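A.B. asks: Take this sequence and fold it.
(chains A and B)
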Amino acid sequence: MTYFPEEVVEHIFDFLATHRDRNTVSTVCKTWYRVERLSRRSVFVGNCYAVHPERVVARFPGLRSLTVKGKPHFADFNLIPHDWGGFSLPWIETAARGCPGLEELRLKRMVVSDESLELLARSFPNFKVLVLISCEGFSTDGLAAIATYCRVLRELDLQENEVEDRGPQWLSCFPDSCTSLVSLNFACLKGEVNAGSLERLVARCPNLRTLRLSRAVSIDTLSKILARAPHLVDLGTGSFTIDHRAEAYHKVMNNFIKCKSLRSLSGFWDAAPRCLPAVYPICGNLTGLNLSYAPAIQCADLIKLIHRCSKLQRLWILDCIGDKGLAVVANTCKELQELRVFPSDFYGGGIAAVTEEGLVAVSSGCPKLSSLLYFCNQMTNAALITVAKNCPHFTRFRLCILDPKKPDPVTNQPLDEGFGAIVQSCKDLRRLSLSGLLTDRVFLYIGMYAERLEMLSIAFAGDSDKGMVYVLNGCKNLRKLEIRDSPFGDAALLEDVGKYETMRSLWMSSCDVTLGGCKTLAAKMPGLNVEVINERDESDEMEESPSDLGRVEKMYVYRTVAGPRNDAPDFVWTL
Amino acid sequence: MEGGGSYGSDLDNLKATELRLGLPGTDEPKKLPSMLPRSSKWAILEATKRSSSEIKSVEKDQKPAAKAQIVGWPPIRSYRKNSYQAMKMEAETTGMYVKVSMDGAPYLRKIDLKVYKGYKELREALEDMFKCFSLGEISRMDESNVYEYAITYEDKDGDWMLVGDVPWEMFLSSCKRMRIMKGSEAKGLGSIP
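C.D. replies: Residues are numbered from 1 along each chain as shown, chains lettered A, B, ... in the order given. All right, here's what the predicted structure looks like:
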């Protein structure tokens, strides 16, 4: 292929859809490397500390779309201290200098300051898409800067961020000339919203297709917005609480009827059962429904709603739907691909909201089910075996039994056989989260069968180092391994140190790994950063230097070409 | 190791309720010394932590509060957890249902005061609610410019007060029930804002 002119090679590369493929072709020869890097428009950085931003920008000067992820996944559950790192500013600064043509930035689990948002807004004249997921560190002032300076903004998507509220004026910062918005999601904002500004913004953006409103937006405003934007495809309803005035209710329903393109609904923050019938007219068109933030709606009303949603592909719901409600889902939603059932009562022991029965019902009624997140009070091996048989297409299977280490309640056995059946049957399984009582045996099964597995989450599981070793030896495609509260120690950690260079990262907390073990790993593998995270109480006395025999509370290991990071706080030691 | 047998036996239950420092489920008395000093947050959490299977074996219907809370468990994003907790707290303080009677109406109604932002909305809602009884409009005045009906409420002291005098929040906290009074009784109460 070196006989082809470079433009032809570049054109051929255009057909490569995935990052992985493009990364691969760049290693073939120098010419391909050069052609690939100059024509690369989109880069995905799975770990912000794996590479220096300067290197990315230098290699890909034509970069238009950048995605960067920061903190490890367990940061979502407060296992990583607040100021561990993951700062977006260096990335934005470097991009501002090196690729001013940047159009899209997607950040996940990173610290984003108002300063960095303002720099972003001012540095890229063609900036179109900003997506922030589970980020923190910014306020509505930062959003004001984005609104003010990004003249051709198409997408502003804020998903589950902690945003400090500094007032509603940010929404008014979109200039009258801004008519390019296609997607606006500010559902996670907690503060007041200027209804007038919002309505005017919606009215002047004819291409708006996704709009997710925050809780502060009243149903009256929603009604007016629906009237102005009947072409919406994806709607987050805002507060959705109706008072007793009948005409407001009918107005909203009439406006919903006009939205023939609506395919996805979410929000319903304050929805009471009496409000739901307003959306009945469009239920038949819905492919996505998220009621996981509507705790006031109980099983009976959920069932009435779901009965009408025969085209549903994605359903996020609270466990108050119960096994009975899930049976209705199974009978109605034959196209279902993704199901997430969240717990409404975290500490369990209360009413058994969903059990293995609900999951079995859905698996038998919805053969296309491929992605599952299921919080339940109990699970049996028999149920998991049935689910595995019914749904061999799972790519993501995350089961969380609220009671850690709970066995099969019928047989009192560990759940090894059940999960074993899942990994054996679901050949395309890429992501797996385990829970319940589990011995080393489940890891033997995972190592044997889960060939495509890329991400594995383990909590309170296993008996010995053997468990972890089975996984490291068996799962050839493993990229991310995160373990907490499991009896894996140095022997497992050091069994195959080369493995970690084939993976993005390894997290271990409250396991049996010692400081000495971590030091050994760091010494053997200079291409890895071995971070040991030690939190301290202020009340602690000064302590002697910790012994190598001491257990490490939290360890984060990741491959990197950037060396040890220079922004680590005191409590993070890179060995 | 494939330990099916030992779970649920009485001896284990006894051993299981023993309070020890250490991770749930670990049997060995020999533990590697933790790097953190005893007074650290994590050690304290461990000391009070018990595996839930131990709790379960004690009493089936013991209250959920007995279950220890483990850091970062269940694995739910903090954003979602915080939202639920905020909603729960609001739900506990929400729902101010008060009875509303109207002179001449055959039965009473109940309304949730928290749903309304102020007096105007409240009056409109009451209007709406009671118009089916064809008793006349609450907001209508007769020739002498006095309201035909007066909306009154019983406060914490048992006194009947005219709705609208005090700030809305104060009204919310003191209103026990409401009564829409006919003009003849209400005469002399003056005009309602």
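A.B. asks: all strands of chain B, in order?
C.D. replies: Ranges of strands in chain B, per DSSP state E, are B:97-102, B:109-112, B:149-154, B:160-162, B:177-182.
A.B. asks: what ranges do the strands span in the stretch 301-450 of chain A?
C.D. replies: Under the criterion DSSP state E, counting those that start in this stretch, the stretch 301-450 of chain A contains strands at A:314-318, A:338-342, A:371-376, A:396-401, A:431-433.
A.B. asks: quick one, what contacts A:M110?
C.D. replies: With contact taken as C-beta atoms under 8 Å, 6 or more residues apart in numbering or on different chains, A:M110 is in contact with A:C48, A:V68, A:K69, A:G70, A:K71, A:G86, A:F87, A:S88, A:C135. (Each C-beta comes from the backbone N, C-alpha and C, glycine too.)
A.B. asks: which of those sit farthest apart?
C.D. replies: Using C-beta to C-beta, the contacts of A:M110 reach their maximum pairwise distance at A:K69 and A:F87, which is 12.8 Å.
A.B. asks: now the strands of chain B in a markdown table, with distance to chain A?
C.D. replies: A markdown table is the format used below for the strands of chain B (distance: least, C-beta to the nearest C-beta, whole Å):
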| stretch | distance to chain A |
| --- | --- |
| strand B:97-102 | 11 |
| strand B:109-112 | 7 |
| strand B:149-154 | 15 |
| strand B:160-162 | 22 |
| strand B:177-182 | 14 |
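A.B. asks: any idea which of these is most buried?
C.D. replies: Ranked by mean neighbour count, the strands of chain B are led by strand B:149-154 with a mean of 22 (mean count of other C-beta atoms under 10 Å in any protein chain shown).
A.B. asks: what's the angle from that one to strand B:97-102?
C.D. replies: 140 degrees (axes from the mean of the first three to the mean of the last three C-alpha atoms, to 10 degrees).
A.B. asks: And chain A, is the longest helix belonging to chain B touching that?
C.D. replies: In chain B, taking DSSP state H as the definition, the longest helix is helix B:78-93. Yes. For helix B:78-93, a contact with chain A is found by C-beta under 8 Å from any C-beta of the partner chain, at B:S78, B:Y79, B:R80, B:K81, B:S83, B:Y84, B:M87, B:K88, B:A91.
A.B. asks: Number of residues surrounding the third one?
C.D. replies: Going back to what we said before, that points to B:R80. Each residue near B:R80 was counted by other C-beta atoms under 10 Å in any protein chain shown, and the total is 15.
A.B. asks: cool, the fifth one as well?
C.D. replies: B:S83: 19 surrounding residues under other C-beta under 10 Å.
A.B. asks: Could you tell me what pLDDT the model assigned to it?
C.D. replies: As predicted, B:S83 sits at a pLDDT of 87.
A.B. asks: For it, which non-adjacent residue is closest in space?
C.D. replies: Spatially, and ignoring its direct neighbours in sequence, B:S83 is nearest to A:Y293 (6.3 Å; C-beta to C-beta, 6 or more residues apart in numbering or on different chains).
A.B. asks: show me the contacts for the residue lying closest to A:L326 once chain neighbours are set aside.
C.D. replies: Residue nearest to A:L326 in three dimensions, not counting chain neighbours: A:G358, with 3.5 Å by C-beta to C-beta, 6+ apart. With contact taken as C-beta under 8 Å, 6+ apart, A:G358 is in contact with A:I321, A:G322, A:D323, A:G325, A:L326, A:A327, A:V341, A:C376.
A.B. asks: Return the distance of A:G358 relative to A:A229.
C.D. replies: A:G358 is 36 Å from A:A229, where distance means C-beta to C-beta, to the nearest Å.
A.B. asks: ok, and the closest non-adjacent residue to A:D83?
C.D. replies: Distances taken as C-beta to C-beta, 6+ apart place A:P569 nearest to A:D83, at 5.3 Å, with adjacent residues excluded.
A.B. asks: State the number of residues packed around that neighbour.
C.D. replies: So A:P569, with other C-beta under 10 Å, has 11 neighbours.
A.B. asks: That one contacts A:W84, doesn't it?
C.D. replies: Yes. Using C-beta atoms under 8 Å, A:P569 is in contact with A:W84, at 6.7 Å.
A.B. asks: before we move on, back to that, just put the strands of the stretch 301-450 of chain A in TSV and tack on distance to A:V423 and mean neighbour count.
C.D. replies: Compiled in TSV, the strands of the stretch 301-450 of chain A are given as follows (distance: least, C-beta to C-beta, whole Å; neighbours: other C-beta atoms under 10 Å in any protein chain shown):
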stretch	distance to A:V423	mean neighbour count
strand A:314-318	24	22
strand A:338-342	19	22
strand A:371-376	14	23
strand A:396-401	9	22
strand A:431-433	7	21
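A.B. asks: so which of those gets nearest B:W160?
C.D. replies: Of all the strands of the stretch 301-450 of chain A, strand A:314-318 sits nearest to B:W160, with 43.0 Å by C-beta to C-beta.
A.B. asks: by contact count, what packs against that closest one?
C.D. replies: strand A:288-290, strand A:338-342 (3 or more C-beta pairs under 8 Å, 6 or more residues apart in numbering or on different chains; DSSP states H and E).
A.B. asks: circling back to that earlier point, TSV for the strands of the stretch 301-450 of chain A, including mean pLDDT?
C.D. replies: Listed next are the strands of the stretch 301-450 of chain A as TSV, based on pLDDT from 0 to 100:
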stretch	mean pLDDT
strand A:314-318	96
strand A:338-342	97
strand A:371-376	97
strand A:396-401	97
strand A:431-433	98
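A.B. asks: for A:W573, what are its contacts?
C.D. replies: By C-beta under 8 Å, 6+ apart, the contact set of A:W573 is A:E531, A:V532, A:I533, A:N534.
A.B. asks: Go again with 10 Å.
C.D. replies: By C-beta atoms under 10 Å, 6 or more residues apart in numbering or on different chains, the contact set of A:W573 is A:L515, A:C518, A:K519, A:A522, A:V530, A:E531, A:V532, A:I533, A:N534, A:P546, A:V552, A:P564.
A.B. asks: Just to check, the third one is in contact with A:L575?
C.D. replies: Translated: A:K519. Yes. Using C-beta atoms under 10 Å, A:K519 is in contact with A:L575, at 5.3 Å.
A.B. asks: shared neighbours, the two?
C.D. replies: By C-beta under 10 Å, 6+ apart, A:K519 and A:L575 have these common neighbours: A:V530, A:V532.
A.B. asks: since we're on A:G62, how many residues are nearby?
C.D. replies: A:G62 has 11 neighbouring residues, counting by other C-beta under 10 Å.
A.B. asks: Show me how chain A divides into domains.
C.D. replies: A:1-40, A:496-535+A:547-574 (the TED database).
A.B. asks: Comparing these, which yields the minimum mean pLDDT?
C.D. replies: Confidence, taken as mean pLDDT, is least for domain A:1-40 of the domains of chain A (a mean of 85).
A.B. asks: Please point out which parts of that one sit buried.
C.D. replies: A:V9, A:F13, A:R22, A:V25, A:S26, A:W32, A:V35, A:E36, A:R37, A:S39, A:R40 (16 or more other C-beta atoms under 10 Å in any protein chain shown).
A.B. asks: Next, find the distance separating the last one from A:V9.
C.D. replies: It stands for A:R40. Distance of A:R40 to A:V9, given as C-beta to C-beta: 13 Å.
A.B. asks: quick one on the thing from earlier: now flag whichever of the contacts of A:G358 is closest to A:G238.
C.D. replies: A:I321 (22.4 Å).
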